[in-house]
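Novice: Sequence and predicted structure are below.
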Amino acid sequence: GKNTAAGIDNLTCSLICPVSMQKIETPVRGRNCKHLNCFDLRTYLHSNSKVSGGRWRCYVCEDFVSVDDLVYDGFIAQVLETHGKDINTATRDKMQLKNDGTWKLLDEASSSMKRNQKKRKMKENTGSAKRPKNGSGGAQTGGTEVIDID
């Protein structure tokens, strides 16, 4: 968020699970997490059902979070319930919480998605994308290959 002399003016929070990249259905975070961002409970439980070295880690801060340490975020749940139909993973995926307690959905896609789109455009404009060998892979548009990385 924007910093002011009095401290933080506002916080921005994603309403999309950082793992499933879908709208959060049941917002949770670790009891000791210091961030506002949540992740989806079902996704967390499902991804941790497989044995791996990264099990039971917060998707946002990577702190250890056991099932007993998960807390349900009723505020984010209310935002999701009120504006669930307005949330779109491509265009409206964040909310802004102001220090006076008011909040609003943001109209733009997440800054990380915008950065990726800018990088992709810069690659296309500079022609640094790899060219296919003998017509294999990717569509050609005026000498620049378009590579879909999604």
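Specialist: Arrived safely. Remember, it's a predicted structure, so these values are computed and weren't measured experimentally. Residues are numbered from 1 along each chain as shown.
Novice: And the strands in the protein, which stretches?
Specialist: Counting by DSSP state E, the chain has strands at residues 3-4, 7-8, 10-14, 27-30, 39-40, 70-72, 94-98, 103-105, 139-141, 144-146.
Novice: nearest to Lys85, of those?
Specialist: strand 103-105 (11.0 Å; CB to CB). (C-beta placed from N, C-alpha, C; glycine too.)
Novice: pull the helix or strand with minimum mean pLDDT from the protein.
Specialist: The helix or strand of the chain with the lowest confidence, counting by mean pLDDT, DSSP states H and E, is strand 139-141 at a mean of 42.
Novice: still on that earlier bit, among the strands of the chain, which comes closest to Gly84?
Specialist: Gly84 lies closest to strand 103-105 among the strands of the chain, at 10.6 Å (CB to CB).
Novice: residue ranges for the helices of the chain, please.
Specialist: For the chain, helices defined by DSSP state H occupy the ranges 41-47, 74-83, 111-126.
Novice: Comparing the ones you listed, which yields the minimum mean pLDDT?
Specialist: Note on these: lowest mean pLDDT is at helix 111-126, with a mean of 51.
Novice: Report the buried residues of stretch 42-53.
Specialist: Thr43, Tyr44, Ser47, Asn48 (16 or more other CB atoms under 10 Å).
Novice: Tell me, how many residues neighbour the closest residue to Ser47 other than its chain neighbours?
Specialist: Spatial nearest neighbour of Ser47, excluding adjacent residues (CB to CB, 6 or more residues apart in numbering): Val19 at 6.1 Å. Val19 has 13 neighbours, counted by other CB atoms under 10 Å.
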